[in-house]
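Engineer: Got a predicted structure here, sequence first:
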Amino acid sequence: MTASPPLLRHNSAAATPLPPPPTITCVKKLAESPELNSIPSNYAYNTETTGSNESIPTVDLSLLTSQNPNLKSKAINDLEIACQDWGFFMVVNHGIPEELMKGMLEVVNEFFDLSEEEKPEFQPKNVLEPIRYGTSFNTEKEKVFCWRDFLKVFVHPQFHCPNKPESLRGLLTEYCERSREVVTKLLKGISETLGLEETEVENAFNMSSSLRIFIANLYPRCPNPDSALGMPPHSDHGLLTLVIQNGVGGLQIQHKGVWVNVNAIPNSILVNTADQLEIFSNGKYKSVLHRVVVNNEKTRISIAMANGPSGDTVVGPAPKLLEKRGCVSSYAPMKYKDYILSQQSNQLKCKSILEQLQIHEEGN
Ligand code: OGA
Ligand code: NI
């Protein structure tokens with residue numbers, strides 16, 4: 001081991017002398033530096049981070065696919081309420097083996113533990129790069145950074161995977177397959193809650209070419225958990241995001257204007273409705289605002305699987321829904337790939353991209 005400072009590689013090496021690269025480090029290194037007693041000022045959000053402990057809806061996936069029509073219709077009803085009132089729910093009886101979820105969280109921990117030389121390039125500029133390892137959200141645009149390192153990998157329609165750790169490829173392949181099954185079942189249910197045929201949502205979003213991004217998040221222990229944020233308030237760009245975590249909480253969702261702590265049932269999958277579903281449902285299912293708070297005791301690891309339409313799908317409110325409800329479209333259509341590009345190239349800020357597509361009726 002060399003005693004080099006915790007600065008990471010940059011691409012800007014050139015023959016002529018250049019100004020020194022910006023000294024952005026991953027928070028893992030920062031948190032591990034022995035002299036760190038308090039966070040650097042560019043990590044201070046200085047926002048209230050407490051959350052309430054209301055209970056959050058649960059959806060039993062085995063009932064959603066039950067052959068018993070009574071059980072199924074009750075589950076569909078629960079799903080509709082969860083999407084409409086919360087935009088967030090915990091899925092139980094989801095069929096993903098506990099060992100696979102554990103294995104994924106362990107291998108992600110191993111990934112972050114690799115030396116910087118063994119990891120992919122740090123902070124590539126192209127936000128659509130299929131394998132992207134970095135810190136915060138978009139340090140090019142941010143003045144205040146998040147207390148978070150991440151690995152983002154495009155896993156569908158083309159499967160990508162970092163070469164290390166070696167066991168990642170097999171586990172990730174399996175996890176993608178299993179989580180896709182969960183998403184398919186949920187989307188079928190959601191289709192029904194919107195009064196559409198079971199497969200209408202999948203077809204509208206061209207889910208056979210669904211853009212899926214695997215996001216591993218590391219939130220190290222933080223010396224000033226009340227000042228920093230793991231992720232600032234935001235909504236997700238896709239349809240549904242599935243989150244698992246290493247038993248350490250930190251995720252909060254906004255419900256009726258109040259931040260609520262997600263006290264997850266062990267081995268459940270946390271699901272939130274995202275922007276494309278809000279657009280498609282013409283605002284019936286609002287994408288939920290969420291954020292991540294940090295703590296001084298334990299490192300939190302989470303894995304978010306972002307499930308979107310195919311990149312080429314132009315998403316707008318479903319014509320059939322507008323017709324049924326006799327209402328006008330509240331969102332301008334946009335190609336999903338452009339939407340992602342716009343969200344990922346800017347600062348992560350509440351629902352800023354979605355708001356640009358909102359059509360406000362004149363006089364309102
Ligand atoms: C995300 C996200 C939540 C978490 O990656 O978009 O909101 O619990 N993650 O880490
Ligand atoms: Ni998110």
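Structural biologist: Structure received. Ligands and ions are numbered 1, 2, ... in the order given.
Engineer: low pLDDT regions in the stretch 251-364 of the chain?
Structural biologist: Counting by pLDDT under 70, the stretch 251-364 of the chain has low-confidence residues at 362-364.
Engineer: so what's the residue in it that ligand 1 sits nearest to bridging to?
Structural biologist: Closest approach between the stretch 251-364 of the chain and ligand 1, counting by CB to the nearest ligand atom: S302, at 3.4 Å. Quick note: C-beta positions are derived from backbone N, CA and C, even for glycine. When assigned by DSSP bridges, S302 has beta-bridge partners N217, Q245.
Engineer: Quick check: the gap between it and E142.
Structural biologist: Counting by CB to CB, to the nearest Å, the gap from S302 to E142 is 20 Å.
Engineer: What strand or helix carries the residue nearest to the spatial centre of the chain?
Structural biologist: Nearest to the geometric centre of the chain sits A304, at 4.8 Å (CA atoms, centre = their mean). For A304, the element it lies in under DSSP states H and E is strand 300-307.
Engineer: can you list the residues that contact that strand?
Structural biologist: If you take CB atoms under 8 Å, 6 or more residues apart in numbering as the criterion, strand 300-307 is touched by 104-105, 108-109, 112, 175-176, 179-180, 183, 210, 212-219, 230, 236-246, 248-251, 274, 292, 294.
Engineer: For that strand, C-alpha coordinates in CSV please.
Structural biologist: Extracted C-alpha coordinates of strand 300-307, given in CSV (Å, rounded to 0.1, in the frame of the first residue of the first chain):
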residue,chain,number,x,y,z
ARG,A,300,-25.7,2.1,5.3
ILE,A,301,-25.7,0.2,2.0
SER,A,302,-28.7,0.2,-0.3
ILE,A,303,-29.4,-1.2,-3.7
ALA,A,304,-31.9,0.6,-5.8
MET,A,305,-33.1,-1.0,-9.0
ALA,A,306,-34.6,1.7,-11.2
ASN,A,307,-37.1,0.3,-13.7
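Engineer: Enumerate the positions of that strand that are buried.
Structural biologist: Judged by neighbour count (16 or more other CB atoms under 10 Å), strand 300-307 contains these buried residues: R300, I301, S302, I303, A304, M305, A306, N307.
Engineer: go on, stretch 329-339?
Structural biologist: Buried residues in stretch 329-339, counted by 16+ other CB under 10 Å: S329, S330, Y331, M334, Y336, K337, Y339.
Engineer: same check, this time on stretch 83-94
Structural biologist: C83, W86, G87, F88, F89, M90, V91, V92, H94.
Engineer: Which secondary structure state is assigned to the fifth one?
Structural biologist: Using DSSP: H, G, I helix; E, B strand; the rest coil, the structure places F89 in strand.
Engineer: quick one: secondary structure of the residue lying closest to it once chain neighbours are set aside?
Structural biologist: Nearest residue to F89, sequence neighbours excluded (CB to CB, 6 or more residues apart in numbering): A82, at 3.9 Å. Put simply, A82 is helix when judged by three-state DSSP.
Engineer: how many neighbours does A82 have?
Structural biologist: Around A82 there are 22 other residues, counting by other CB atoms under 10 Å.
Engineer: Distance of it relative to I359?
Structural biologist: From A82 to I359 the distance is 27 Å (CB to CB).
Engineer: neighbours of P317, just the number please.
Structural biologist: P317 has 23 neighbours, counted by other CB under 10 Å.
Engineer: how much space is there between it and Y331?
Structural biologist: From P317 to Y331 the distance is 6 Å (CB to CB).
Engineer: Overlap of the contact sets of those two?
Structural biologist: I279, N282.
Engineer: wait, L341 sits on L128?
Structural biologist: Yes. Distance between L341 and L128: 6.5 Å, which falls inside the contact criterion (CB atoms under 8 Å).
Engineer: and those two? which has more neighbours close in?
Structural biologist: More crowded of L341 and L128, by other CB under 10 Å: L341, with 17 against 14.
Engineer: Report the contact partners of that one.
Structural biologist: Counted by CB under 8 Å, 6+ apart, L341 has contacts V127, L128.
Engineer: Check for me that it belongs to a helix.
Structural biologist: Yes. Assignment of L341 by three-state DSSP places it within a helix.
Engineer: From E297, how far out is it?
Structural biologist: Taken as CB to CB, the span from L341 to E297 is 37 Å.
Engineer: Ligand 1 contacts on this structure?
Structural biologist: I215, N217, M231, D236, V243, Q245, L251, H290, V292, S302, A304 (CB under 6 Å from any ligand atom).
Engineer: can you list those in a markdown table and add distance to V258?
Structural biologist: Listed next are the residues of the chain next to ligand 1 as a markdown table, based on distance: CB to CB, whole Å:
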| residue | distance to V258 |
| --- | --- |
| I215 | 26 |
| N217 | 24 |
| M231 | 18 |
| D236 | 20 |
| V243 | 20 |
| Q245 | 21 |
| L251 | 15 |
| H290 | 13 |
| V292 | 17 |
| S302 | 22 |
| A304 | 23 |
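Engineer: host element of V243?
Structural biologist: Counting by DSSP H and E, the element that carries V243 is strand 240-245.
Engineer: G238 touches Q276, doesn't it?
Structural biologist: Yes. Contact criterion CB under 8 Å: G238 and Q276 qualify, at 5.8 Å.
Engineer: Touching both of these two, which residues are there?
Structural biologist: Common neighbours of G238 and Q276, counting by CB under 8 Å, 6+ apart, are G308, P309.
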